[in-house]
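>>> what's the 3D shape of this:
(chains A, B and C)
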Amino acid sequence: MDWYEFFEDIWDEIKDRGYYISGIALLIFLPSILGASDTPSIPILTDIYAIVGNIGLFGSTNFFLIILSLCAIWGIFAASWDILSGYTGQISFGHAIFFGLAAYVGYWTSTGFQVDPLLVGLLGTRFSLAPAVALIFSGFICALLAVCIGILALRVKGPYLALVTLVIPLIVASLFKLEIFYTLTGGDHGFPNVPDVLTPTGILDIDTLNFYIFSISVLLVSVGIMMLIAYSRYGLVFQSIREDEDAAESLGINLAFYKILAFAISAFFAGIAGGMYAQYRSIAVPSFFDTSFSFSVIIMAVIGGIGSISGGVVGAFLLTILIEILLGDIFPSSVLEGVDILAFGLLLVITLRYMPYGVARAKSDQKKAIVFGLLFALSWAIIPISNFFEFLSSISIGNIILFLAMVLITILTLPAIPVFFVSEIVGLFVLEGLMGLSLSPKALIKAKFLIYCIAGIPFAYYLPKVFKILRLRFWGVWPSVGRYEPE
Amino acid sequence: MTTTFSEKQVSNSQRSVLIEVQNLSKHFEGLKAVDDVNFKIKAGELIGIIGPNGAGKTTLFNLLTGFLKPTKGKLILDEKKNIAGLSPHKIAKLGITRTFQLVRPFKLLNALENTTVPHIPKSKLTRSSTLKNKATWSLITVDLAEKKNYPAFILPHGDLKRLDFARAMAVQPRMLLLDEPFAGLSVEEAFRVERVIREANEKGMTIVIVEHKLKILMRLVERVIVLHQGKLIGEGTPKEIANNDEVITAYLGTEAKDYE
Amino acid sequence: MSFLDKVIPPDLLQKEKWIILGLTIFFSLCVIFPFIVQISDSGLNFNLRLDSGIKVNIFAIQTGALYALLAIGFSLIYGVAKQLKLSLGGYFVIGAYCQFFLLETMEIVPEIRTDIDGLMFLGLVLLPILLIIVLLVFTFTLFSFRDYLLILVAPVISGGSIILIDGNLVAGFYVGLAAIIISLTGWYLELPKREIALGSFIYALSMPVLYILGFPSIYFSLMILSVVFTACVAMISDRYLLDTVRHSHISVMIVTFALALILQSIVQVVYFPQNGNNFTRFQSIDWSFPGIVPKTGITVIFGVSIPTIRLISLIFSVIAVVLLYIFIYYTKFGIALRAVSQDEEAAALVGINIRKTTALVSGVGMGLAGFAAVLTSSFSARPLWNPFMGWPVLIWAIAVVTLGGMGSLGGSIIAAFVIGYSEILVSTIDPSYSVAIPFLIVILVMIMKPEGLFGEKKEVE
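The predicted structure is shown next:
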């Protein structure tokens, strides 16, 4: 092979995965970017964060890190759903069963069982595992359960399987709530104080930064493993089962083995996510089996893009940040309950209507529109704040970089000024006039950011098309003569 | 589909019985889809199965490849092993595979991946480059190599028929069952498929074809089996079948002379 | 073809005999069990008692009929449009709240109106009046002037007479609106214009007459309104959201799930903006099944006292199921539905409008869900009044449909009674098992017969 070609191939690969690589790099360096305590932080970025933090888009550092840990957990869960349903086509509407079971198994194993008197010499009076080991152990238990469900899936197919899996977690939850199992399951209220990896005693406060690092590293490792599986020949077999079971079986593929394998792999990682979530929340309760958990993971995977493991992670980060950081502040649950669910539903319907393969595999002009809309919203929601210019009093490299970036973004998004005015008026009407909400200044910025996003993304999508038509009308030249545009 | 395999087949067991169907029946809640059928297929033969719609041809295929379990009867492979009721993937490993009436490619996979899948279960430890080479070779045999990176859902119907065929051939079967391989093809495409089938048969593969386009079938096959309402009503060379009165009344009608 | 052949689908009788046998044994055991076994603090008693047996049986039949109502819609949509609509619960919520809204705006519950005011409430009250004007204009474009006058007579007569007799302006508006909606439904079903005019005229005359005779005709028209409103929401959302993803099971399921979320949170956000989750007052209200019976009303049958609401709910469920059977097996559209369920493309080739048929079937199915909501909304235990009450309904409907076999109406009805009986019987013994046991039955049947009791097996081609 020609060396030049080799490097060109590698460059193409990097270009294709640029979003993901930069995303991973961002995640790794985020603690230092945000200037978290006890870590060496990069001076320029600390400056920038100080300014952004002052404006209040992200809230305090620790809060942001907690949310990102949650994103990582949901990311693992969504990816695990995707390898079962997106890759193998065995639609599971009850993935929460692994989530909930892992939470309980993690609690049981990490707090310990009373050991039978005969075995005391061998194991000590109490048998317990370290929380990190318990995590993997609960993953394996979930995989065992998944083998049982997989055997069911050999007979029940397609939409029937979806409906049956929807029902199974409810049965398990109702069994867990029974009084005769009270000592084992803790009844309706479950167990408080699940020991987590960093504080094995199970105290409520978790070490934010270290838990963040732990969860992100688990995310990277497990999603990496899942991607390796998906791109290997096993992934190919899984996909062939999704496309056509009968044809795959007539080619000599052992359906039973591969389906159960897919169930087990998926359940293992779902179990790890469930165990981590129990540690994150420090509780294990029957509501972990709820349909809402099963469905929020599906929504994340669908918005990110079914059939690509990374899509689930993208969807998990997008939705969790949207719900927890933006909507959580703008509409506190005391004022308007159900707005987050409304946003979930609307986003899902809109995504499936316009981007049926999700954000990760959207058309390039749609991706561009999203990036443009976000930049537009970022600059126009933040710049009008007066204290933004305070940084000029202390001149540092970070300030100058930020200033230049803001100027650049502003110039780039100048064509969207009409959108700015429209959304300003709409925003005022919606937020202050109609609802009568009294927002804090920081929540107001977030609300504006959201409204500018909603207005800016369609604008950015349709502007080039309108521009094309106008150019055709006035100059009489079709701008893309000779270029192949598959539309 | 390697040359060693075919040479061995032709030299070793010239015309030995590959599969023997004994008293095979399949009933669906009173409907006798296949009713007490007996015939033998010899190794290296090219056989056609004909019959009017609902005669039980597809059901027979499903029984032979394990997609349905027979109500009663036996399928004896190599005069010793009864394979009736085994699951499809086991039967595929024993060397019997099929194509389907409608084209059923793995739509979102590309042509190369489509032909890679059948190589996987047999060769779990081979390197992926070897796997790729084998899959490419399967595509070359049906003239699809230049389209190997196209996803299957954008390929035209004729290409898909050949892709299905290549995928089934990649299993390296001893017997291949083709369910209407010429349906919906233009004359030119049908010629290409016919050529591919002939080549495979000349290398020693047993091929059974269900087809409604009698003109092509009659000039292609050596022997014809006629089913009518689940029963076997005739067996013989194409010429014998065209002159068989029972078959003519059941199926061919008065136009039988055209096919001679 | 005899009448019996049409009512009991012939495919039901041809199925394997052991299923019929097993079901017969199951039902006879279920019917006899509560007569013989009683539960008290000391444990199980075995002696023959008539009253508890009748009571448990009526409760079980009523529960089963309700599940049948929900499951038939679900199953019908799957059979015809090949879609699994998880939005069933959402429409259930819409039906219940629509009924409540109509009652509320009619000042039937005056104490509630005082604490919601402002722009939002004004909008909600003005909305029906706006709707009636829009509908009048829309109807004008559909019919010739003579037909239009004939059709306009119905709302004027019915609404005007109700206003004159009862003195309630809003109630009159609603009765008139129902008249217009009846004629529009007739137009949508492509009935002859003469029949439409006749039907709405009969409605217009019967409303005041029945009112004078003591029949609660206003509530009846409110029921029609909320059911038709639910059906309209279902049809519109079907048309605009499911068009692009019609043929993918998983996409349809996800979109309809999102739809259920949206409907539920719209009720939550718009209808109760300032009050959050404060739904306690709904419990305290003394209104019941559309105002006909008081909530605590009791009827005595064979010396057994049974809540009147349950009896009325039972009667109305049976009426709805019978009407549905007549619709499917005797009307032009019913034939079209069955044709589409057999083969969509062939039906399109002979001139059946597939899009309209699928929209109509989802309207009918979800309208049934709305009807079930109207029937149950007065019960004490299920559903509690909140926007999330659709989910358990959906889960029960799914259990019934998977047990009975997807797309088989008769199977759904039988399975509904299986589930209803097992739930009620288990809950008489120990209520904490009443969710788990019916679901376990479903799972066991699915393992033994994956396509359900009366489902169709798919063959390899």
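>>> tell me which residue of the stretch 151-260 of chain B lies closest to chain C.
Nearest residue of the stretch 151-260 of chain B to chain C (CB to the nearest CB) works out as B:Asp179 at 8.3 Å. In this view, the C-beta of every residue, glycine as well, is placed from N, C-alpha and C.
>>> so what's that residue closest to, chain neighbours aside?
Ranked by CB to CB, 6 or more residues apart in numbering or on different chains and with sequence neighbours excluded, the top spatial neighbour of B:Asp179 is B:Gln101, at 4.5 Å.
>>> these two touch, right, that neighbour and B:Ala183?
Yes. Counting by CB atoms under 8 Å, B:Gln101 does reach B:Ala183; the two are 7.3 Å apart.
>>> list the buried ones in the longest helix seen in chain B?
As assigned by DSSP state H, the longest helix anywhere in chain B is helix B:187-202. By 16 or more other CB atoms under 10 Å in any protein chain shown, the buried positions in helix B:187-202 come out as B:189-190, B:192-194, B:196-197, B:200-201.
>>> ok, which of these also contact chain C?
Near chain C, taking CB under 8 Å from any CB of the partner chain as the test, no member of those is found.
>>> which two of these have the greatest separation?
Spanning the widest gap among those are B:Glu189 and B:Asn201, at 18.9 Å by CB to CB.
>>> and the residue most central in space within chain B, what does it touch?
In chain B, the centroid-proximal residue (CA atoms, centre = their mean) is B:Leu177; its distance is 1.4 Å. Each residue near B:Leu177 by CB atoms under 8 Å, 6 or more residues apart in numbering or on different chains is listed here: B:61, B:64-65, B:96-99, B:207-208, B:210.
>>> tell me where the stretch 51-200 of chain C has helices.
Using DSSP state H, counting those that start in this stretch, the helices of the stretch 51-200 of chain C run over C:88-105, C:110-113, C:119-142, C:145-166, C:169-188, C:193-213.
>>> tell me which of these sits most buried.
Neighbour counts (mean count of other CB atoms under 10 Å in any protein chain shown) averaged over each of the helices of the stretch 51-200 of chain C peak at helix C:88-105, with a mean of 26.
>>> avg pLDDT for it?
With pLDDT averaged residue by residue, helix C:88-105 scores 81.
>>> any part of that helix near chain A?
No. Looking at helix C:88-105 against chain A by CB under 8 Å from any CB, there are no contacts, and the closest approach is 9.5 Å.
>>> what helices or strands is that helix leaning on?
helix C:50-81, helix C:119-142, helix C:217-241, helix C:249-266, helix C:354-376, helix C:390-404 (3 or more CB pairs under 8 Å, 6 or more residues apart in numbering or on different chains; DSSP states H and E).
>>> which stretch in those helices has the least confidence?
Taking the mean pLDDT of the helices and strands packed on helix C:88-105, helix C:119-142 comes last: a mean of 70.
>>> how far away is C:Leu403 from chain A?
10 Å (CB to the nearest CB, to the nearest Å).
>>> if we can go back for a sec, so which of the contacts of B:Leu177 are also by chain A?
Answer for the contacts of B:Leu177 near chain A (CB under 8 Å from any CB): B:65, B:97-98.
>>> compare those residues and tell me which is most surrounded.
B:Arg98 (29 neighbours; other CB atoms under 10 Å in any protein chain shown).
>>> residues touching it, list them.
Applying CB under 8 Å, 6+ apart, the residues contacting B:Arg98 are A:250, B:61, B:64-65, B:168, B:176-179.
>>> do the same with A:Ile303
A:315, A:318-319, A:347-348, A:351, A:358-359.
>>> nearest to chain B, of those residues?
Using CB to the nearest CB, these come closest to chain B at A:Gly358, 14.2 Å.
>>> do I have it right that that closest one meets A:Gly312?
No. A:Gly358 is beyond contact range of A:Gly312, at 9.1 Å (criterion: CB under 8 Å).
>>> who does the longest helix of chain B touch, helix- and strand-wise?
helix B:157-169, strand B:206-210, helix B:214-220.
>>> if we can go back for a sec, neighbours of the residue of the stretch 151-260 of chain B closest to chain C, how many?
22.
>>> in contact with it: list those residues for me.
By CB under 8 Å, 6+ apart, the neighbours of B:Asp179 are B:57-58, B:61, B:98-101, B:210.
>>> C:Ala397 too?
C:67, C:70-71, C:73-74, C:88.
>>> now these: which count as buried?
C:67, C:70-71, C:73-74, C:88.
>>> helix, strand, or coil at B:Ile76?
strand (DSSP: H, G, I helix; E, B strand; the rest coil).
>>> quick one: low-confidence residue ranges for the stretch 101-250 of chain B.
B:123-125 (pLDDT under 70).
>>> that one against chain A: which residues are in contact?
Residues of the stretch 101-250 of chain B lying near chain A (CB under 8 Å from any CB): B:104-109, B:113, B:116-118, B:120-122, B:128, B:131, B:167-168, B:170-171.
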